[in-house]
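K.L.:
Structure for this input, please:
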Amino acid sequence: MKVEMIIEKTKTGFSAYSEKFPVYTIGTSLEELKSNMIEALTLYFEDKDILVTEEDLKIKLDLQQFIDFYKVINVKALSERLGMNQSLLAQYVKGIKKSSPAQTKRILNGIQQVGKELSAIRFIL
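P.N.:
Purely as a prediction, here's the structure:
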């Protein structure tokens, strides 16, 4: 089972909610929010004896929130990697402009490719 949770930035941290189930929670960090989502969903499904795990979560957020979560990602370097104008990507990230579905997919594919490359790295011990 995958439960889609939409995450939004708040003044005090983050909030998450499901459009399919009446579940809402908050957290001051991403890790706390994930833990709270699991707890809230487990409580919601308690009568069905369903134990929700992190693998059951499908997290949905926009580009601006993604960059907020993963501050380690440098917009300038990402734009170069994608072959995209840095100013345009920065406007997407700041919420000044909204990217088209095609541009959003291009950005997501680029980020996922970097993730695959990073997960394949092994250090010499």
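
K.L.:
only C-alpha atoms for contact and neighbour calcs from this point on.
P.N.:
OK.

K.L.:
In which helix or strand does Leu33 reside?
P.N.:
According to DSSP states H and E, Leu33 maps onto helix 30-44.

K.L.:
In whichever helix or strand comes after that helix, which residues are buried?
P.N.:
Going down the chain from helix 30-44, the next helix or strand is strand 57-60, by DSSP H and E. In terms of neighbour count (16 or more other Cα atoms under 10 Å), strand 57-60 has its buried residues at Leu57, Ile59, Lys60.

K.L.:
My read is that Phe69 contacts Leu30, right?
P.N.:
Yes - Phe69 is in contact with Leu30 according to Cα atoms under 8 Å; the separation is 7.2 Å.

K.L.:
the bottom helix or strand of the chain by mean pLDDT?
P.N.:
When the helices and strands of the chain are compared on mean pLDDT, DSSP states H and E, helix 63-69 comes out lowest with a mean of 81.

K.L.:
With just CA atoms, put the longest helix that the chain contains into PDB.
P.N.:
If you go by DSSP state H, the chain has its longest helix at helix 101-119. This file holds the C-alpha atoms of helix 101-119, laid out as PDB (Å, rounded to 0.1, in the frame of the first residue of the first chain):
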ATOM      1  CA  PRO A 101       5.000  19.700 -16.400                       C
ATOM      2  CA  ALA A 102       7.700  19.000 -19.000                       C
ATOM      3  CA  GLN A 103      10.200  21.200 -17.200                       C
ATOM      4  CA  THR A 104       9.300  19.700 -13.800                       C
ATOM      5  CA  LYS A 105       9.900  16.200 -15.300                       C
ATOM      6  CA  ARG A 106      13.200  17.300 -16.700                       C
ATOM      7  CA  ILE A 107      14.300  18.700 -13.300                       C
ATOM      8  CA  LEU A 108      13.100  15.600 -11.500                       C
ATOM      9  CA  ASN A 109      14.800  13.200 -13.900                       C
ATOM     10  CA  GLY A 110      18.100  15.200 -13.500                       C
ATOM     11  CA  ILE A 111      17.800  15.000  -9.700                       C
ATOM     12  CA  GLN A 112      17.000  11.300  -9.800                       C
ATOM     13  CA  GLN A 113      20.000  10.600 -12.100                       C
ATOM     14  CA  VAL A 114      22.300  12.400  -9.600                       C
ATOM     15  CA  GLY A 115      20.800  10.200  -6.800                       C
ATOM     16  CA  LYS A 116      21.400   7.000  -8.800                       C
ATOM     17  CA  GLU A 117      25.000   8.000  -9.400                       C
ATOM     18  CA  LEU A 118      25.500   8.900  -5.700                       C
ATOM     19  CA  SER A 119      24.000   5.600  -4.500                       C
END
